[in-house]
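[1] Just the structure for this:
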Amino acid sequence: MNTPLFESVDFYSSAFLIATGQKLQNTYKRGSQTVFIFEDSEETQNLLNNYFAMQAEINASSYAQAIKNLKNIIHADHSYSKSNANYHERNNTR
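    So this is what the prediction gives:
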């Protein structure tokens, strides 16, 4: 059984999801953008709704660390992203 996935190119909301304990499942490059992939769950959607409604509360240190981690992924040598491109292509063919 495949778990539904949620894709986002929004850097800061993705960092927010990570800071709240949502696991980054994967990333891949789409042109110049990095796409962040999370499990699509009710909890994920509720967190995002609160984030975009500016009603979310988050530990500032956790959020800052998540931002740093995502920047490292984006600016890495792209070996992580290249290996994940095959993953994305396989999932889009279903």
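
[2] And the helix or strand containing Ile67, what's buried?
    Here Ile67 sits within helix 60-75, counting by DSSP states H and E. Buried residues in helix 60-75, counted by 16 or more other Cβ atoms under 10 Å: 63, 66-67, 70, 73-74. To be clear about C-beta, it is placed using only N, CA and C from the backbone, and glycine gets the same treatment.

[3] check contacts around the residue lying closest to Asn59 once chain neighbours are set aside.
    Leaving aside its chain neighbours, Asn59 sits nearest to Ala19 (6.9 Å; criterion: Cβ to Cβ, 6 or more residues apart in numbering). For Ala19, the contacting residues are 58-59, 62-63, 65-66, by Cβ atoms under 8 Å, 6 or more residues apart in numbering.

[4] mind checking which helix or strand of the chain has the lowest mean pLDDT?
    Taking mean pLDDT, DSSP states H and E as the measure, the helix or strand of the chain with the lowest value is helix 79-92, at a mean of 45.
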